[in-house]
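**Student:** Here is the input, now give the coordinates:
(chains A and B)
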Amino acid sequence: MRILVVDDAQDVVESLRLGFDLQWREVEVLGAGTGRSALDLVEREHPDIVLLDVGLPDIDGFSVLKEIRAFSDVPVVMLTARDDAMDKVKGLELGADDYVTKPFNHLEVMARVRAVLRRHALPAPTSRAPSFRSGELEVDFGRQEARFRGERLELTPTEYKLLYHLVRNAGHVLQHATLLAKVWGREYVDEVDYLRVYVRRLRDKLDDDPEAPTYIRTERGLGYRFIGPAERSG
Amino acid sequence: MALERPPSELGLASLALLGPGASERELEARFAERGASLDPGVAAGLLEELGSLGLARVSGANGSARRWVPTSLGQRLRDADPLSHDADALGELERLRSDLLATISHEFRTPLTALRTGIGLLLDPTLEPSPEQRRSLLETIERNTERMQRLVGDILDLARFRAGGLPLQLRRVDPVEIAEATRASIAPLVRLHAQDIALVVEVEPVPQVYGDRRRLEQALLNLVANAQKFTPDGGRIEVRLSTRDSTVRWSVSDEGPGIPLEDQPRLFERFFVGEQDRPGRGGVGLGLPTALAIAQAHGGTIEVDSAPGRGSRFTLAVPLDGPGEPEP
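**Tutor:** Residues are numbered from 1 along each chain as shown, chains lettered A, B, ... in the order given. This next block holds a predicted model:
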């Protein structure tokens, strides 16, 4: 298991390294102090997960994340010194898997790293149910893929998981906490921003207008409901 | 975040009349030209008000009459549409202040992270760090505690200077000792980055200077710390000590990227962080204003000589006989 820690504060990298050494012996920590060296290490060393600081001296962390996503699906946890919802949403939209705010301690980081890795290691949910069809969307549960207007949809594992739970419960409201627990894990039930970002990503891919939805309806203050085929024809 | 207070009407008028810069007398004259005669001391109070709001500052020039110039924030406020003073320009002032808070918070969170992680690992009953690991964690904690202490100190010092000056502990001190002590303070960082710091003494014997040893050392250390930060690994920093016109001059040269001309007037503003000085480099924008405040409290100044690609030279110059107070 290899973890790349990207932070220009050497002391932060070193204390995380020591933390992993002490608590998780099979982990090897790679350190980088700049965005460029981080990109280089992701490409060369294929770490299992990246902890990426937002405030780097050469390229900011968001741009680094964007570049990583151009060639790799490695899980990325953003580290930031700003307790700012905008930053959080921006990171998630660019494809970050999670977000930890400084000052954190070793237990918080360890918990987030384990949760993200667990999520990534989980196989995509499958079902014996036949495939699901609604409007121009078709989800094949056996092959774990979705097609829209006849074309295969490029979905990340998290997007597929979210879509899966929405369509398996088509016609029913799924509460925020329920969806968060199913898709991200129980420790994420309060992270409604994560859900908003991923619902928006799904809507973009499904060409769905949140004001006049064909597929995903926002149930204000409650959660989301996938509009079932029965409702559509009715 | 709310403004502590907006500038007064007269304060705004002073800002408009300040032009590119003015002394207290010149400001009085400009008010008089417009038919408004100010009572004695009012102009000084107005300039202090602009200073306390970060809208004007005393320029680095030597001389008996203090000359005030608008800061870039002051210029923006002045150049804004007069009808929108209360909304846009003050909104901008507010935004800058809240950016400033974000910057300070960023600067604290990084050392706090190292502290929390280090202390957490030492206190975790399930872990058994080796003596070497324990030592390394304690060193990290010590280093980061010092960093935070410095930051708090800088913020407080600057606030005190702005609020009407910090009492100086004046006595005759040896400028070489100040330079040597500064070099010793920065040595660990210089070693870490395989840099070299040279001290060149141009005068022999070096005259003593009437000043506050601790404060002068603090000002010089701020200049040297900047030089260290911007000099590439393996590069050289030079501190050159000389005298000219009854002032002692410590010139600190670096091999950094240099500062564009357009950024130079803003260097001494609080929390100005240049393009090269992203938060990640540890620049919170307090070092230079604090150094300048110390120099000015001594009746001196800081001179800048820099251009992109050529490195920078900052010179701390203070009168050998101190800030003009009678020597006890």
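
**Student:** C-alpha only now, for contacts and for neighbours.
**Tutor:** Noted.

**Student:** Could you tell me which residues of chain A lie near chain B?
**Tutor:** A:8-9, A:11-12, A:15-16, A:18-19, A:22-23, A:55-57, A:81-82, A:102-107 (C-alpha under 8 Å from any C-alpha of the partner chain).

**Student:** Could you tell me how many residues sit around residue 13?
**Tutor:** Just going to use chain A. 22 (other C-alpha atoms under 10 Å in any protein chain shown).

**Student:** that answer is for a different chain, and I need it for chain B
**Tutor:** 14.

**Student:** Identify those among the residues of chain A next to chain B that sit within helices.
**Tutor:** Within the residues of chain A next to chain B, residues falling in helices by DSSP state H are A:11-12, A:15-16, A:18-19, A:22-23, A:106-107.

**Student:** Show me the two of those that sit farthest apart.
**Tutor:** A:D11 and A:Q23 (18.1 Å; C-alpha to C-alpha).

**Student:** So between the two, which is more surrounded?
**Tutor:** A:D11 (23 against 17).

**Student:** which ones are touching that one?
**Tutor:** In this structure, A:D11 makes contact with B:114, B:140, judged by C-alpha atoms under 8 Å, 6 or more residues apart in numbering or on different chains.

**Student:** can you rerun that using 10 Å?
**Tutor:** A:17, B:110-111, B:113-115, B:117-118, B:137, B:139-141, B:143-144 (C-alpha atoms under 10 Å, 6 or more residues apart in numbering or on different chains).

**Student:** Tell me where chain A is predicted with low confidence.
**Tutor:** Along chain A, the model assigns pLDDT under 70 to residues A:84, A:232-234.

**Student:** so how far is chain A from B:I119?
**Tutor:** Look at B:I119 and chain A: by C-alpha to the nearest C-alpha, to the nearest Å, they are 9 Å apart.

**Student:** so that residue touches A:H106, yeah?
**Tutor:** Yes - between B:I119 and A:H106 a contact is recorded at 9.4 Å, counting by C-alpha atoms under 10 Å.

**Student:** For these two, list the residues in contact with both.
**Tutor:** Joint contacts of B:I119 and A:H106 (C-alpha under 10 Å, 6+ apart) are A:15, B:113.

**Student:** Could you check which of those two is surrounded by more residues?
**Tutor:** A:H106 (23 against 18).

**Student:** Surely the more buried one touches A:F20?
**Tutor:** Yes - using C-alpha under 10 Å, A:H106 is in contact with A:F20, at 8.3 Å.

**Student:** Strands of chain A, residue ranges please.
**Tutor:** A:2-6, A:28-32, A:49-53, A:76-80, A:98-101, A:132-134, A:137-140, A:145-148, A:151-152, A:173-175, A:216-219, A:223-226 (DSSP state E).

**Student:** One more: the stretch 1-150 of chain B?
**Tutor:** B:22-23, B:56-58, B:67-70 (DSSP state E, counting those that start in this stretch).

**Student:** Redo these as TSV? Include mean pLDDT, distance to B:W250 and mean neighbour count.
**Tutor:** Formatted as TSV, those follow (pLDDT from 0 to 100; distance: least, C-alpha to C-alpha, whole Å; neighbours: other C-alpha atoms under 10 Å in any protein chain shown):
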stretch	mean pLDDT	distance to B:W250	mean neighbour count
strand B:22-23	86	27	20
strand B:56-58	81	21	22
strand B:67-70	82	23	23
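
**Student:** want to try TSV for those strands, with distance to B:S14 as columns?
**Tutor:** Shown next, in TSV, are the strands of the stretch 1-150 of chain B (distance: least, C-alpha to C-alpha, whole Å):
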stretch	distance to B:S14
strand B:22-23	10
strand B:56-58	10
strand B:67-70	10
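
**Student:** got JSON lines for those, with distance to chain A too?
**Tutor:** Output for the strands of the stretch 1-150 of chain B, formatted as JSON lines (distance: least, C-alpha to the nearest C-alpha, whole Å):
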{"stretch": "strand B:22-23", "distance to chain A": "39"}
{"stretch": "strand B:56-58", "distance to chain A": "30"}
{"stretch": "strand B:67-70", "distance to chain A": "30"}
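
**Student:** Let's see stretch B:244-251 as PDB, backbone CA atoms only.
**Tutor:** Provided in PDB are the C-alpha atoms of stretch B:244-251 (Å, rounded to 0.1, in the frame of the first residue of the first chain):
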ATOM      1  CA  ARG B 244      26.800  56.400   5.300                       C
ATOM      2  CA  ASP B 245      25.700  59.900   6.400                       C
ATOM      3  CA  SER B 246      25.600  59.000  10.100                       C
ATOM      4  CA  THR B 247      23.400  56.000   9.500                       C
ATOM      5  CA  VAL B 248      24.200  52.400   9.900                       C
ATOM      6  CA  ARG B 249      23.100  50.200   7.000                       C
ATOM      7  CA  TRP B 250      22.500  46.500   6.900                       C
ATOM      8  CA  SER B 251      22.000  45.400   3.300                       C
END
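
**Student:** and that stretch, how far from the chain's centre?
**Tutor:** Distance of stretch B:244-251 from the chain centroid (C-alpha atoms, centre = their mean, to the nearest Å) equals 19 Å.

**Student:** And for it, what's in contact with it?
**Tutor:** So stretch B:244-251 is in contact with B:175-176, B:178-179, B:199-201, B:203, B:206-209, B:220, B:223-224, B:238-243, B:300-304, B:313-322, going by C-alpha under 10 Å, 6+ apart.

**Student:** That one - what's its average pLDDT?
**Tutor:** For stretch B:244-251, mean pLDDT rounds to 94.

**Student:** sorry, back to before: output the strands of chain A as JSON lines; include the columns distance to A:Y160.
**Tutor:** Below are the strands of chain A laid out as JSON lines (distance: least, C-alpha to C-alpha, whole Å):
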{"stretch": "strand A:2-6", "distance to A:Y160": "25"}
{"stretch": "strand A:28-32", "distance to A:Y160": "30"}
{"stretch": "strand A:49-53", "distance to A:Y160": "20"}
{"stretch": "strand A:76-80", "distance to A:Y160": "18"}
{"stretch": "strand A:98-101", "distance to A:Y160": "17"}
{"stretch": "strand A:132-134", "distance to A:Y160": "13"}
{"stretch": "strand A:137-140", "distance to A:Y160": "9"}
{"stretch": "strand A:145-148", "distance to A:Y160": "8"}
{"stretch": "strand A:151-152", "distance to A:Y160": "12"}
{"stretch": "strand A:173-175", "distance to A:Y160": "16"}
{"stretch": "strand A:216-219", "distance to A:Y160": "14"}
{"stretch": "strand A:223-226", "distance to A:Y160": "14"}
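
**Student:** Which residues of the stretch 101-250 of chain B lie near chain A?
**Tutor:** B:102-103, B:105-122, B:124, B:126-130, B:133-134, B:136-137, B:139-141, B:143-144 (C-alpha under 10 Å from any C-alpha of the partner chain).

**Student:** Show me how to select, in PyMOL, the buried members of these.
**Tutor:** Remark: buried members of those, expressed as a PyMOL selection using 16 or more other C-alpha atoms under 10 Å in any protein chain shown:
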select buried, chain B and resi 102+103+106+107+108+109+110+111+112+113+114+115+116+117+118+119+120+121+122+129+133+134+136+137+140+141+143+144
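
**Student:** what's near enough to touch the residue nearest the centre of chain A?
**Tutor:** Centroid check for chain A by C-alpha atoms, centre = their mean gives A:D97 as the closest residue, at 3.6 Å. Applying C-alpha under 10 Å, 6+ apart to A:D97 gives the contacts A:49-50, A:73-78, A:91, A:112-113, A:116-117, A:119-120, A:158, A:184, A:194.

**Student:** Next: A:R133.
**Tutor:** Contacts of A:R133 (C-alpha under 10 Å, 6+ apart): A:139-140, A:146-148, A:167, A:228-229.

**Student:** show me the residues around residue 18 that make contact.
**Tutor:** All of this refers to chain A. Per C-alpha under 10 Å, 6+ apart, neighbours of A:L18: A:12, A:24, A:29, A:106, B:117-118, B:121, B:129, B:133-134, B:136-137.

**Student:** Switch to chain B, please.
**Tutor:** So B:L18 contacts B:12, B:24, B:26-27, B:30-31, B:47, B:56, B:68-70, B:74-75, B:78 (C-alpha under 10 Å, 6+ apart).
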